[in-house]
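Engineer: Need coordinates for the following:
(one chain, ligands or ions: 1)
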Amino acid sequence: MAKTGYNIKTIEWQGDEVVMIDQRLLPLKEKYIRHQTWQEVASSIKTMVIRGAPAIGVAAAMGMALAAQQSPAETYAGLKKDLDLAAKGLFETRPTAYNLGWALQQQARIYEKEAEPARIRRLLRQRSQEILEEDISMCVAIGEHGAPLFPDGARILTHCNAGALATGGYGTALGVIRSVFKRDRNIKVYVDETRPFLQGARLTAWELEQEGIPYCLITDNMSGYFFKKGEINAVVVGSDRIAANGDVANKIGTYTVSVLAKAHGVPFYVAAPTSTVDLSLPDGSHIPIEEREPAEVTRFRDCECAAPGTPVCNPAFDVTPHENVTAIITEAGVHREPFAETLAAAKKGS
Ligand code: MRU
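Structural biologist: Modelled structure (predicted):
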């Protein structure tokens, strides 16, 4: 597998197996995990071997293809039963990422329309590969739409990892940054470390390093200092789910960054494919927020950081109200208020 820049293979088919880079071990180790069953894929999504909403969607689609492959059923009814079970198991892994349900729906459309098991198996595999490839093309388009929004010599803050690792490749927020860098080498990226899972420190910094994009890692509580000094003049983040009115769920801490950006008059951009836009939810208050293990907060790898039994809250995402969002960049273009209209139009065209 290629190892650098946007050629990082986050996930791919190798023969009849789905291979993923283990993101829990990065940047210290590059280890690849092979998956032969949908249950293994579900476990890898749940335990963050693979993470980032678009990448989770690709994994779920491939998981469904594996489910079809592993099912011994010879009849349509038998295969559908196995596929429904896999879809439920995959869906339950991570509740906030809308791309997960979107990808499962894409696969369900196939096996609800087709009746012949061999054909269903072939089409599910084919569609999963298409979802991967479409995701990369969407990220490149997002980058191209987003790049002109940034000033010369941009000083950009990003939160979490919305890079090649979080998508089929290239990235959404990091895709925009890659495209800005192609036009202007004189940029700098402020990378929030992103407690508690450290996606910024471990993954975003690693991706930027591979591509020679100038960056500086900061702890999450330092961003206010840099905003106040006028050192940040744009923010770009990804998203796990965007409600119809433009409210944006993203990694915990994103809301805080949006408030700081607004207070300092700095534009706050969200980069995401239209497959992240959930028009069924009128606003962000309906977005399910995943609560994760206390151990993610109390320890890091082998290091205990809090006393045993310390009470912990660990919401993995927060919601940034649309009033704090300057624009949402999708593969369809740059969308501004009124988001209810501009997002609906983008989704219709996708
Ligand atoms: O918990 P994670 O690592 O899956 O959270 C990821 C994020 O919040 C990303 O910003 C989001 O999924 C967009 S990835 C292109």
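Engineer: For residue 5, give me the pLDDT.
Structural biologist: On the pLDDT scale, residue 5 is placed at 49.
Engineer: residues touching the residue of the chain at minimum distance from the ligand, list them.
Structural biologist: In the chain, the residue that lies nearest the ligand is residue 238 (2.8 Å; Cβ to the nearest ligand atom). All C-beta atoms are positioned from the backbone trio N, CA, C, and that covers glycine. By Cβ atoms under 8 Å, 6 or more residues apart in numbering, residue 238 lies in contact with 52-53, 160, 162, 166, 171-173, 250, 270-272.
Engineer: Next: residue 146.
Structural biologist: Contacts of residue 146 by Cβ under 8 Å, 6+ apart are 175-176, 179-180, 236, 269, 271, 329, 334.
Engineer: ok so, going back, what's the nearest residue to the residue of the chain closest to the ligand if we skip its chain neighbours?
Structural biologist: residue 162 (2.7 Å; Cβ to Cβ, 6 or more residues apart in numbering).
Engineer: so the one you found touches residue 178, yeah?
Structural biologist: No: the pair residue 162 / residue 178 is not scored as a contact, 11.3 Å apart, by Cβ atoms under 8 Å.
Engineer: okay, the two: which has more neighbours?
Structural biologist: A direct count of neighbours by other Cβ atoms under 10 Å for residue 162 and residue 178 places residue 162 higher, at 34 against 23.
Engineer: Can you give me the distance of the more buried one to residue 203?
Structural biologist: Distance of residue 162 to residue 203, computed by Cβ to Cβ, to the nearest Å: 10 Å.
Engineer: Could you show which parts of the stretch 51-200 of the chain are in contact with the ligand?
Structural biologist: Within reach of the ligand by Cβ under 6 Å from any ligand atom, the stretch 51-200 of the chain has these residues: 51-54, 160, 162, 166-167, 172, 199.
Engineer: got those residues as CSV, with pLDDT and secondary structure columns?
Structural biologist: Formatted as CSV, those follow (pLDDT from 0 to 100; DSSP: H, G, I helix; E, B strand; the rest coil):
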residue, pLDDT, secondary structure
51, 98, coil
52, 98, coil
53, 97, helix
54, 97, helix
160, 98, coil
162, 98, coil
166, 98, helix
167, 97, coil
172, 98, coil
199, 98, helix
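Engineer: all helices of the stretch 201-350 of the chain, in order?
Structural biologist: Using DSSP state H, counting those that start in this stretch, the helices of the stretch 201-350 of the chain run over residues 205-211, 223-228, 254-263, 295-298, 339-348.
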